[in-house]
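Participant: Got a sequence here, can you build the structure:
(chains A and B)
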Protein chains: 2
Amino acid sequence: MNSVQDKNIIHESLHWRVILMPDQTYLGRSVVVLKRKCGDLAEVTHEEILDFMDSVVIRLENAFRVAFGATMFNWTCLMNNAYLEEIPDPQVHWHFRPRYRKPVEFEGELFSDQNFGHHYELDVEKLISKELREEIVKKVQLHL
Amino acid sequence: MNSVQDKNIIHESLHWRVILMPDQTYLGRSVVVLKRKCGDLAEVTHEEILDFMDSVVIRLENAFRVAFGATMFNWTCLMNNAYLEEIPDPQVHWHFRPRYRKPVEFEGELFSDQNFGHHYELDVEKLISKELREEIVKKVQLHL
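Facilitator: Presented below is the predicted three-dimensional model:
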């Protein structure tokens, strides 16, 4: 993992790594990847899921509420893309999308959750600069 | 809860209730509702999440693999709609969508996962008869 990627790591717990995504349609959108090789939610251990709840869900939700005023959160465990391969090699990860009742301005950029109260949109993308992405990481880390 | 709804309950664990949905675009699509009043995934207790993993995720995934040949599974915890209300009253629940590499025929009805390997579709709906819904419940219950 190179240094550019390192700067997008928001948080690491014992079993999970949280990475801020390039698409920030939903401010704070991240993936939470299980560090151990494991391809099915049903095979996540008790220790791993309790670490996910205590050290990821609780801490991330709180940090995004305090840092950016997030209203609520969407959590999804999908892993569809791995199954496009002939021999699928899925890895357990969660998609985390904070959702916002009100628009948020941060570092001069406006983040507006256009479909708050509804399913997240699939076909939109808001790519932000590397610098802004790093500023989001820094700000949320103050509240983890 | 009336008797029609009762027949759509696939499974109950100590803390969760699994209900087969009217929309069966993805054969087996269900919601898994926490029995205790609780509006945020971050507030789900250790006991409740371990019950979810052991008595819902493992058992449902296995049952749909055996009963219908499901390939993999999408799990989402969203709760967006509750936030359309002025005073939101969310209740923790999961959406469960089995996904299928190959079409499945059951009781003369064809279930075809048109976008396997990709995000589930948002704007499609496959409503099936009450009778067929009950047959799906009965078949999967044989393998729980």
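Participant: where along chain A do the strands fall?
Facilitator: With strands called from DSSP state E, chain A shows them at A:9-12, A:16-20, A:30-34, A:72-77, A:93-99, A:104-106, A:109-111.
Participant: So is the first one next to chain B?
Facilitator: This points to strand A:9-12. No. Shown here: strand A:9-12 not in contact with chain B (Cβ under 8 Å from any Cβ of the partner chain), separated by at least 14.5 Å. Quick note: C-beta positions are derived from backbone N, CA and C, even for glycine.
Participant: Please work out the average pLDDT along that strand.
Facilitator: The average pLDDT within strand A:9-12 is 97.
Participant: cool, the second one as well?
Facilitator: Per-region confidence: strand A:16-20 scores 98 on mean pLDDT.
Participant: Who are the packing partners of that strand?
Facilitator: strand A:9-12, strand A:30-34, helix A:130-141 (3 or more Cβ pairs under 8 Å, 6 or more residues apart in numbering or on different chains; DSSP states H and E).
Participant: same question, the fifth one
Facilitator: Applying 3+ Cβ pairs under 8 Å, 6+ apart, we find strand A:93-99 packed against strand A:30-34, helix A:58-68, strand A:72-77.
Participant: what residues does that strand touch?
Facilitator: Residues outside strand A:93-99 that contact it (Cβ atoms under 8 Å, 6 or more residues apart in numbering or on different chains): A:18, A:26-34, A:52, A:56, A:60-61, A:64, A:68, A:70-79, A:113, A:116, A:120, B:80, B:83.
Participant: Same check on stretch A:135-144?
Facilitator: With contact meaning Cβ under 8 Å, 6+ apart, stretch A:135-144 is reached by A:7-11, A:20, A:24, A:27-28, A:59-60, A:62-64, A:66-68, A:106-107.
Participant: Also stretch A:9-18?
Facilitator: Residues from elsewhere that reach stretch A:9-18, judged by Cβ under 8 Å, 6+ apart: A:19-20, A:30-36, A:47-48, A:51-52, A:55-56, A:59-60, A:96, A:137, A:140-141, A:144.
Participant: 6 Å instead?
Facilitator: If you take Cβ atoms under 6 Å, 6 or more residues apart in numbering or on different chains as the criterion, stretch A:9-18 is touched by A:19-20, A:30, A:32-33, A:35, A:48, A:51-52, A:55-56, A:137, A:140, A:144.
Participant: Now the terminal residues of it, how far apart.
Facilitator: Using Cα to Cα, to the nearest Å, one end of stretch A:9-18 lies 6 Å from the other.
Participant: Check the offset of it from the chain's centre.
Facilitator: Remark: stretch A:9-18 is offset 11 Å from the chain centroid, using Cα atoms, centre = their mean, to the nearest Å.
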